[in-house]
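>>> Fold the following.
(one chain, ligands or ions: 1)
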Amino acid sequence: MLRRSFLKGAGVVTVVVAGGAVWRACDQGVFSVGEGPAYEPWKDWRKDSNDGALALVRAAILAASPHNTQPWLFKVTNSSIELHIDTSRNVGALDPYLREQHIGLGCALENLMLAAAANGYQATSTLVPGKLAPIPAAPKPQLVARVDLAVGKPDASELYDAIPRRHTNRSAYNPRKPIPPEFAETLRHLASDLPDVRIFLFTAPADRNRLVEISSAANAEIYSDPQIRGDSDRWMRLRWSSVQKFRDGLTIDAFGLPPIATGVSKMMPLSMLRWAASRGAKTGYSDLMLNAPLIGILAVPDRYDQAHCLRAGRVWQRAHLLATARGLASRPCNEAVEIIDHEMALGKPSRAALLGEVMGDAAWQPTFVFYMGYPTLQAQASPRRPIENVLV
Ligand SMILES: Cc1cc2nc3c(=O)[nH]c(=O)nc-3n(C[C@H](O)[C@H](O)[C@H](O)COP(=O)(O)O)c2cc1C
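Purely as a prediction, here's the structure:
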């Protein structure tokens, strides 16, 4: 009798626990990766052929941006599109001069220009000149570029077609599969029409080891600053409901974990997830970087020149689209440059020369670091706000 009621009780507990787990899994979007309104912009970006110039904005918002902040606003007419920076969507102390935000705008501009060509526009972009400054106390939108549109011949490219498949891939890369030399050559010359940007590529183990060392030290130092951690955490979207509500920021699905680990992480309480992330971060990041067969640096004459940042962004977007089109994966790893901004903001001595020594050319200032290779896992999309939210 006692045994029977015990079994009955245990059965009820099992059903309740299992039911609770399934409920939590559904609530946290474990079975809905890439689904819901936050991911619609990836699916309907070229659905409406009567969209006119709005079609270009639909492509632009699928671009990369730091912490997926999407700091862009667009003013659209039949013959022009203005691109504005929304300085309120910043990552605070991690990007004290909005350098990375401007690079993100350059990424959006590149998608916009590719979509203009594909949609039969002849597009001319004009960048607003200026020097970057600290984040304004009362942020307001500022014009950074204008694209004039005239009638042209439709010219779709492999880069344009890759727009909905380009996702930052944070999984491990295959260390035994090198980058084909012809791909590296195409990548090296990708910025030939944008003379303010130079691409430095490193495949030799000694160079890559040194870059990993510099990045890893910068990563540890940057994230030991509680202000930076707090400003960065504001863009973490660990709950499925906030992913769908805000449609921006960094999500667990985009961490690059295997599917089961992703599901488990999504169900963990936030405190446990933060603890697990801090335990895994120690060597994980440098191992990921070391396994990639190629590390690249985008450099410009002046890291704090607004137009140079936008052009660097155009080149990054182009490079990532090219990699996507050719079956490669990529991930930015920018701590070695972010620390330069951080030291400048704090008035500390700069270690800007470290990357320069590896590049071997003091005339160019590094502004963006990435690694590339063949992935072990497919990257997941990150959320996007709808275009109605980014039109002014
Ligand atoms: C200027 C800039 C800096 C970035 N830095 C990093 C970085 O250091 N590490 C990283 O994992 N991703 C980095 N990213 C990638 C963004 O987090 C990513 O673009 C964003 O989350 C949107 O995801 P998606 O690229 O998959 O669309 C950076 C992107 C930009 C444009």
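>>> For S65, give me its contacts.
Contact partners of S65, counting by C-beta atoms under 8 Å, 6 or more residues apart in numbering, are P71, W72, Q101, G104, C107, A108. The way it works is simple: take the backbone N, C-alpha and C, and place the C-beta from them, glycine included.
>>> cool, R229 as well?
Y223.
>>> which stretch of helix or strand covers it?
For R229, the element it lies in under DSSP states H and E is helix 226-233.
>>> Could you pull out the buried residues of that helix?
Buried residues in helix 226-233, defined by neighbour count with 16 or more other C-beta atoms under 10 Å: I228, D231, S232.
>>> do the same with stretch 354-372
354-356, 358-359, 364-372.
>>> Filter the residues you listed down to just the ones in strands.
Q365, P366, T367, F368, V369, F370, Y371, M372 (DSSP state E).
>>> that older thread, looking at the buried residues of helix 226-233, which is nearest C26?
Distance to C26 across these (C-beta to C-beta) is lowest for S232, with 28.7 Å.
>>> I'd like the distance from whichever helix or strand comes after the helix holding R229 to the chain centre, please.
As assigned by DSSP H and E, the chain's next helix or strand after helix 226-233 is strand 236-237. Distance of strand 236-237 from its chain centroid, counting by C-alpha atoms, centre = their mean, to the nearest Å, is 14 Å.
>>> Return the list of helices and strands in contact with strand 236-237.
strand 250-251 (3 or more C-beta pairs under 8 Å, 6 or more residues apart in numbering; DSSP states H and E).
>>> Can you give the strand pairings for the strand it packs on, parallel or anti for each?
The strands beside strand 250-251 in its sheet (DSSP bridges) come out as strand 236-237 (parallel).
>>> Report whether the strand it pairs with contacts the ligand.
No: remark: strand 236-237 sits outside contact range of the ligand, by C-beta under 6 Å from any ligand atom, the gap being at least 10.3 Å.
>>> Let me know the next secondary structure element after that strand.
Using DSSP H and E, the next helix or strand after strand 236-237 towards the C-terminus is helix 240-246.
>>> Kindly provide the whole-number mean pLDDT of that next one.
Over the span of helix 240-246, the pLDDT mean works out to 97.
>>> Kindly report the same for stretch 89-100.
What stretch 89-100 shows for mean pLDDT is 98.
>>> How about stretch 315-322?
Mean per-residue pLDDT for stretch 315-322: 98.
>>> can you check stretch 332-343 too?
Stretch 332-343 shows a mean pLDDT of 97.
>>> measure Y173 to the ligand for me?
For Y173, the distance to the ligand equals 13 Å [C-beta to the nearest ligand atom, to the nearest Å].
>>> same deal with E213?
Distance, E213 to the ligand, by C-beta to the nearest ligand atom: 16 Å.
>>> Ok, I339 next?
Remark: distance between I339 and the ligand (C-beta to the nearest ligand atom) = 11 Å.
>>> One more: R274?
Going from R274 to the ligand by C-beta to the nearest ligand atom gives 17 Å.
>>> Which strand or helix spans that residue?
Assigned by DSSP H and E, R274 falls in helix 270-291.
>>> ok, and for that helix, which residues are buried?
By 16+ other C-beta under 10 Å, the buried positions in helix 270-291 come out as L273, A277, Y285, S286, L288, M289, L290, N291.
>>> next one: stretch 216-227
S216, A217, A218, N219, E221, I222.
>>> likewise stretch 159-174?
For stretch 159-174, the neighbour count (16+ other C-beta under 10 Å) marks 159-160, 162-164, 166-173 as buried.
>>> tell me the two of those residues that are most distant?
Spanning the widest gap among the buried residues of stretch 159-174 are Y160 and A172, at 29.3 Å by C-beta to C-beta.
>>> close enough to count as contact, G256 and N169?
Yes: the criterion here is C-beta atoms under 8 Å, and G256 meets it with N169 at 6.3 Å.
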